[in-house]
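> Mind looking at a prediction? Sequence and model below.
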Number of protein chains: 2
Amino acid sequence: MSTRTISPGIVDAASVRKAVDRQLGEFLRERRTGFRHPRMADLVQLVEDFLAGGKRIRPTLTFLGWRAAGGEGDETAVLRVAASLEMFHSFALIHDDIMDDSDTRRGRPTIHRILAGRSPGERAEKFGIGAAVLLGDLVFTWSDQLLHTASLTRAQTEAVLPLVTEMRTEVMLGQYLDLRATGELTDDVEATLTVNRYKTAKYTVERPLHVGAALAGAGPDVLAACTAYALPLGEAFQLRDDLLGVYGDVRDTGKSRLDDLRSGKNTTLVALALRAGTPAQTARLRALLGDPALDEDGAEEVRAILAATGARDTVEHMIGDRRRQALRALDGAPFTPAAATALEHLAATATRRTS
Amino acid sequence: MSTRTISPGIVDAASVRKAVDRQLGEFLRERRTGFRHPRMADLVQLVEDFLAGGKRIRPTLTFLGWRAAGGEGDETAVLRVAASLEMFHSFALIHDDIMDDSDTRRGRPTIHRILAGRSPGERAEKFGIGAAVLLGDLVFTWSDQLLHTASLTRAQTEAVLPLVTEMRTEVMLGQYLDLRATGELTDDVEATLTVNRYKTAKYTVERPLHVGAALAGAGPDVLAACTAYALPLGEAFQLRDDLLGVYGDVRDTGKSRLDDLRSGKNTTLVALALRAGTPAQTARLRALLGDPALDEDGAEEVRAILAATGARDTVEHMIGDRRRQALRALDGAPFTPAAATALEHLAATATRRTS
């Protein structure tokens, strides 16, 4: 594979994204032609369309972790590993949308809905779910294949694989805890933050940074500094996502703002409102949240209660606190200056009010 | 890890099974204690119970492939890789049972049914499916972890990983084709044999043998001999499974013999009957197969038609032909004599009339 240098010295997120997309595109082209069955091309196309909508947060963080720990020179291996994390994330979203029964993702129908549309008659829904489970499994296999073909050194392989295993295990446990809590509303704010830590803070921010840093041979001090920055930022990122899930604009988020409410997601926002609300307010919340037939009027009532109890403001404060904590962690972190600047910029943009 | 020698010279399937089970047991114990969240122990327990029922065909074949290609000495790595294939198979079955909407597996409720039973009220079914998708994903991650921690040499890793990727891709495509064909009955016998080849012959027999042989440094001649034995045997194995799915005894198979009929599985057996039947017979088959409310009387009628059209006998003949073809492939194969003897024994037992 050729040596590709994105930009010596500075780190530009748009260039990282482009370079990761080139890796993903090349890989999918090989899948389309390399497997001797005509159906494979359809499946590759579905994944290609799905991937087009992503923001590439995780691969960008992998690249930044590599640069932060002093990685330089040939970027092919780090881009391939970064692409593998993005592929893994597609797998996770495909399965997540089945579990959450979501209709839209990235402004388009979810994979199980697209596949259901390809089966006529009464089996359509079951076929859509089954085929999307399988397609997700295939995408998981592809993320592994990207990783295995990244031409890592023995030392890189030994440093990276345990982190990837931890990352996968953490997000699956986080999703499991989230699923268990859905529809069983509690005011246990701490429990919601534990789910947040596993399913988002570690998965979306800490582990991608760790993986990149490990590729550059980072020692424990650099990994610890990644964690100090990543966990508060990741929590802030999920708290912002919880707010966008209720108050966001579908044109920005690409997903319906009724899904979380209808499924009765026990977010930190909801737990805070249940803790702070009057008996009348909490009774209304419990009646409305988790109702699969909730309409826009009901959603407006929920939004008003979440604001009136002060939960919405509290979450905004929590986001601000955590963003500042992440920025403070960059002071004196043993990172290269260009990467530290890019991480500072990312902390601001990933937690702002529009997605 | 210690050096464990199962039995120098001869290959005894019961000892292989025991040694693989020891690997699986040790690995799950580490998962139970190694991850810092109490819910993890519940999930590990579910997987441990599920694994207890397996026949270990794939890990046995991996071990036999290793021996056939001259593998000897320290068996720890091959047993670990063999255990990884068994773990992968558990993942595949957990997801397969969701897709097929099966109630029982290995004589017990399926994972999604067990998990549904742990959620009260109207969300139970959805929770069961979502949680089983996640648990399957976790088991997939574990199969990778077993593989990554098998302490393979660089040469072994480079030989084995591409085969594992092929194996995973093939079974997922096979399952996808199977799912597409379910409920859409055709007399296209060739199409059913293509699905069989991907989802069973390659996945269950050829690739496990290849993986074991590759661990012993097998060249193309040994791999080709594995294929010559594996594909006919694997096809015979699936044809037997199709018969057992309709005529088998639940006490032997551990799964209901109504599932395949109710879901309208387009097996080779069914395709042959649709091809050979009179218009009246095929009309009845089309009316009965795929009916989710099919009862034992209806199933008896299907069984009688499958027999009367000659499809049942044809499948028995196909099994016999393929078993003999597999045995012929062993003549002159460049395998060690002890492994060839064990493969001969396996060809007989894996295709006989009880499961």
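Nice, thanks for sending it over.

> going forward, measure contacts between C-alpha atoms and count neighbours the same way
Noted.

> Surely A:Gly73 is within a strand?
No. Counting by DSSP: H, G, I helix; E, B strand; the rest coil, A:Gly73 is located in no strand; its state is coil.

> Can you report phi and psi for it?
The phi/psi pair for A:Gly73 (degrees, to the nearest 10) reads phi 90, psi -140.

> Next one: it from B:Ala68, what distance?
Counting by C-alpha to C-alpha, to the nearest Å, the gap from A:Gly73 to B:Ala68 is 45 Å.

> who's more crowded, those two?
More crowded of A:Gly73 and B:Ala68, by other C-alpha atoms under 10 Å in any protein chain shown: B:Ala68, with 29 against 10.

> So which residues on the stretch 151-300 of chain A come close to chain B?
By the rule C-alpha under 8 Å from any C-alpha of the partner chain, the part of the stretch 151-300 of chain A lying against chain B is A:Leu161, A:Thr165, A:Arg168, A:Thr169, A:Met172, A:Leu173, A:Gln175, A:Tyr176, A:Leu179, A:Arg180, A:Gly183.

> can you do 7 Å?
Residues of the stretch 151-300 of chain A that fall close to chain B, judged by C-alpha under 7 Å from any C-alpha of the partner chain: A:Thr165, A:Arg168, A:Thr169, A:Met172, A:Tyr176.

> between those residues, which has the most around it?
That'd be A:Tyr176 among those, by other C-alpha under 10 Å, with 25 neighbours.

> got a list of what it touches?
B:Ala131, B:Leu134 (C-alpha atoms under 7 Å, 6 or more residues apart in numbering or on different chains).

> quick one: low-confidence parts of chain A?
Within chain A, the stretches with pLDDT under 70 are A:1-11, A:354-355.

> Apply 80 and report the result again.
A:1-12, A:34-36, A:120-122, A:183, A:250-256, A:353-355 (pLDDT under 80).

> which residue is nearest the centroid of it?
Central residue of chain A (C-alpha atoms, centre = their mean): A:Thr204, 5.2 Å from the mean position.

> Name the SS class of that residue, please.
helix.

> For it, which non-adjacent residue is spatially closest?
The shortest distance from A:Thr204 to any non-neighbouring residue, by C-alpha to C-alpha, 6 or more residues apart in numbering or on different chains, is to A:Arg58 (5.9 Å).

> Can you tell me how far that neighbour is from chain B?
Remark: distance between A:Arg58 and chain B (C-alpha to the nearest C-alpha, to the nearest Å) = 19 Å.

> Surely that residue touches A:Lys202?
No. Using C-alpha atoms under 7 Å, A:Arg58 is not in contact with A:Lys202, being 11.0 Å away.

> between the two, which one's more packed in?
A:Lys202 (26 against 22).

> ok, the more buried one - contacts?
Contacts of A:Lys202 (C-alpha under 7 Å, 6+ apart): A:Leu231, A:Gly234.

> Kindly report the same for A:Pro208.
A:Arg58, A:Pro59, A:Leu61, A:Thr62.

> And for A:Ala347?
A:Leu233, A:Arg323.

> can you check A:Val315 too?
A:Leu239, A:Leu269.

> in what helix or strand does it lie?
helix A:311-330 (DSSP states H and E).

> A:Leu24 now?
Using DSSP H and E, A:Leu24 sits in helix A:13-34.

> just checking, next helix/strand downstream of that helix?
In N-to-C order, the element after helix A:13-34 by DSSP H and E is helix A:38-51.

> in the helix holding A:Leu24, what's buried?
A:13, A:16-17, A:19-21, A:23-25, A:27-28, A:31-32 (16 or more other C-alpha atoms under 10 Å in any protein chain shown).

> Repeat that for stretch A:205-221.
For stretch A:205-221, by 16+ other C-alpha under 10 Å, it's A:205-218.

> Would you map the strands across the stretch 101-250 of chain A?
For the stretch 101-250 of chain A, the strands defined by DSSP state E, counting those that start in this stretch occupy A:104-105, A:108-109.

> Which neighbours in the sheet does the first one have, and how are they oriented?
Translated: strand A:104-105. Partners of strand A:104-105 in the sheet, by DSSP bridges, are strand A:108-109 (antiparallel).

> chain center to the partner strand: distance?
Remark: strand A:108-109 is offset 18 Å from the chain centroid, using C-alpha atoms, centre = their mean, to the nearest Å.

> And A:Thr194, how close does it get to chain B?
10 Å.

> How many residues are close by that residue?
Counted with other C-alpha under 10 Å, the neighbours of A:Thr194 add up to 17.
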